[in-house]
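[1] Sequence and predicted model, in that order:
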Amino acid sequence: MFEGELVKHLVDFLAEIGISAIPASSISPTLFPGLDIQRGAVLIDETRLVNPGDILHEAGHIAVTAPSARYELRVQPTGGQEVAALAWSYAAALHLGLPPSVVFYPASYHDFGNELVGNFADGRYIGVPLLQTYGMTLDRQRAERAGASPYPHMLKWLRP
């Protein structure tokens with residue numbers, strides 16, 4: 001089905017949490033070449049894929065979308081959901097034992113990938129307030145009060 005070991009690893013994780021990844025070809029041009037989101041699934045054209053970590057970012061869009069809209073033809077993330085997908089993909093990479101550079105590589109996010117790695121390494125977690133609002137994670141203060149693990153630990157991988 002999929003060829004690359006990292007792609008297989010990411011796709012297996014997505015299957016575990018309930019997000020489908022489907023091999024595809026002839027995907028229309030998108031922000032991340034070789035990737036698209038349709039009807040709650042990540043479509044992957046491995047021959048055009050620039051960076052496998054982008055799979056996690058696209059899956060993050062599905063994960064943070066309300067269940068009532070998750071399976072529409074196209075997911076239309078808000079600006080807040082865009083940064084929530086950044087935080088989600090970072091947490092997913094760490095959960096899988098991968099370095100943050102898998103999702104935040106130098107050329108990613110308009111050449112801002114290295115800065116994102118630095119921000120997250122320093123605990124400046126953009127997107128976490130929205131993930132917390134969705135009931136998917138807890139910031140440090142709320143986690144301490146609840147006796148739970150804080151972000152990047154995820155309570156839920158899909159928005160309830």
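    Structure received. Numbering: from 1, shown residues only.
[2] hey, let's count contacts and neighbours off CA atoms from now on
    Fine.
[3] Output the below-cut-off pLDDT ranges for the protein.
    For the chain, the stretches with pLDDT under 70 are 26.
[4] Quick check: what element follows the top helix by length along it along the chain?
    If you go by DSSP state H, the chain has its longest helix at helix 79-95. Sequence-wise, the next helix or strand beyond helix 79-95 is helix 108-111, with elements assigned using DSSP states H and E.
[5] Show me the helices in this structure, by range?
    5-17, 54-64, 79-95, 108-111, 113-121, 128-133, 140-146.
[6] Including mean neighbour count and distance to residue 41, could those helices go into a markdown table?
    As requested, these are exported to a markdown table (neighbours: other Cα atoms under 10 Å; distance: least, Cα to Cα, whole Å):
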| stretch | mean neighbour count | distance to residue 41 |
| --- | --- | --- |
| helix 5-17 | 16 | 10 |
| helix 54-64 | 26 | 8 |
| helix 79-95 | 22 | 15 |
| helix 108-111 | 12 | 22 |
| helix 113-121 | 16 | 25 |
| helix 128-133 | 20 | 20 |
| helix 140-146 | 12 | 31 |
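[7] closest one to residue 71 among those helices?
    Residue 71 sits nearest to helix 54-64 of all those, at 8.5 Å, using Cα to Cα.
[8] packing partners for the closest one?
    Helix 54-64 is packed against helix 5-17, strand 35-38, strand 41-44, helix 79-95, with contacts defined by 3 or more Cα pairs under 8 Å, 6 or more residues apart in numbering; DSSP states H and E.
[9] Give me the contact list for that helix.
    Helix 54-64 is contacted from outside by 10, 14, 19, 32, 35-37, 40-42, 44, 70, 75, 77, 81-82, 84-86, 88-89, 92-93, 103, 131, 134, 157-159, using Cα atoms under 8 Å, 6 or more residues apart in numbering.
[10] gap between residue 158 and residue 148?
    Distance from residue 158 to residue 148, counting by Cα to Cα, to the nearest Å: 18 Å.
[11] With neighbour numbers in mind, choose between the two.
    residue 158 (23 against 15; other Cα atoms under 10 Å).
[12] For the more buried one, which residues are in contact?
    Residue 158 is in contact with 17, 63, 64, 136, counting by Cα under 8 Å, 6+ apart.
[13] Tell me how many other residues crowd the residue nearest to residue 103 when sequence neighbours are not counted.
    Nearest non-adjacent residue to residue 103, counting by Cα to Cα, 6 or more residues apart in numbering: residue 53, 4.5 Å away. Residues near residue 53, counting by other Cα under 10 Å, number 22.
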